[in-house]
Structures are given as structure tokens and as C-alpha cells.
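A.B. asks: quick one, structure for this:
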Amino acid sequence: MKTHGSSGLDASGKVPTGISGFDEITGGGLPRGRTTLLLGGPGSGKTMFAVQVLVHGIRSCDEPGIFVAFDETPERIVANFEGFGWNLGPMQPKSLFFLNIQPTAELIQSGRFDLGGTLAALGARSMP
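C.D. replies: Prediction:
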């Protein structure tokens with residue numbers, strides 16, 4: 001994320017998430033320049049955490065973000081967050097891009113799931 005006052009990158013090599021308790025226990029946020037995988041069962045807060053981090057990046061650090069949707073449609077995610085008073089609509093697609101990669105029934109029945117195509121799509125997506 002770009003430096004923007006005290007909300008941007010710091011010398012610790014961490015990117016603040018905007019979630020104060022998380023940033024405190026991790027010594028500054030998420031590792032800069034690294035991929036972070038969120039694991040947890042249904043309802044554990046993975047989507048909430050990810051969207052909150054992306055919105056913080058957009059609003060406080062002038063940094064666009066990509067959300068890769070595996071389980072819910074982007075439309076459903078946006079609608080759910082409107083219930084929290086988060087208006088994600090105006091952020092799309094310029095600052096917040098949703099990539100919907102829900103596997104279809106045909107794909108699931110055909111065998112192994114491969115992220116190669118998804119990685120290529122993400123690599124091709126240029127954020128302004």
C-alpha cells in the first residue's frame with residue numbers, strides 16, 4: 001500500500017489493516033509484498049476481515065484492491081455489506097474489483113481444481 005500519513009506503510013515491513021487490535025497483535029498489520037491466506041470455517045469472519053482490509057486500503061491509503069470470490073457472488077457480498085452501512089458500490093470497479101471464481105458443477109465433477117487460470121486472470125487485471 002502507498003504511504004498516506006500514518007495509515008500507510010511503516011518501517012516494520014507491515015501494511016496496516018485498519019483493524020487496530022489486529023495491527024497491534026501483529027506488530028503493524030500484514031506482511032508487505034506477501035500473499036496472506038485466511039483460513040476458517042463458515043461464519044468465522046474471513047470475508048468481513050478481507051473486505052475491511054480492502055476498504056481501509058482504498059479509503060486511507062489510496063490503494064485499490066481485488067477480492068477473489070470463491071463461495072459467494074460479488075453481488076451478494078456487496079448487498080451483505082450494505083447491511084453494515086458499507087457502501088461498496090461506488091468503489092467498483094475502479095478501486096475495488098471483485099473476481100468471481102466460483103467453481104461450477106461441471107468443473108467440480110470434472111476433477112481437480114487448478115488456480116492457474118485464476119492467477120493468470122489476476123495477473124492480467126491492471127488496477128489504475
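A.B. asks: kindly provide the distance from residue 28 to residue 18.
C.D. replies: Per Cβ to Cβ, to the nearest Å, residue 28 is found 12 Å from residue 18. For the C-beta atoms, the positions are set from N, CA and C on the backbone; glycine is no exception.
A.B. asks: what of residue 93?
C.D. replies: Residue 93 sits at a distance of 21 Å from residue 18 (criterion: Cβ to Cβ).
A.B. asks: the more surrounded of the two?
C.D. replies: residue 18 (18 against 13; other Cβ atoms under 10 Å).
A.B. asks: so the more buried one is in which element?
C.D. replies: For residue 18, there is no host helix or strand (DSSP states H and E).
A.B. asks: which one is it nearest to, not counting chain neighbours?
C.D. replies: Excluding the flanking residues, the one nearest residue 18 by Cβ to Cβ, 6 or more residues apart in numbering is residue 56, at 2.8 Å.
A.B. asks: tell me the secondary structure at that neighbour.
C.D. replies: Per DSSP: H, G, I helix; E, B strand; the rest coil, the secondary structure class of residue 56 is helix.
A.B. asks: tell me the confidence at it?
C.D. replies: Looking at residue 56, its pLDDT reads 93.
A.B. asks: these two touch, right, residue 46 and residue 37?
C.D. replies: No: if you go by Cβ atoms under 8 Å, residue 46 and residue 37 don't touch, sitting 9.8 Å apart.
A.B. asks: the two - which one has more neighbours?
C.D. replies: Between residue 46 and residue 37, counted using other Cβ under 10 Å, residue 46 has the larger neighbour count: 16 against 5.
A.B. asks: phi and psi next, for the nearest residue to that one once chain neighbours are set aside.
C.D. replies: Spatial nearest neighbour of residue 46, chain neighbours left out: residue 38 (4.4 Å); criterion: Cβ to Cβ, 6+ apart. When quoted as degrees, to the nearest 10, the phi and psi of residue 38 stand at phi -100, psi 130.
A.B. asks: got it, and residue 67?
C.D. replies: phi -110, psi 120.
A.B. asks: who does it bridge with?
C.D. replies: Beta bridges link residue 67 to residue 98, judged by DSSP bridges.
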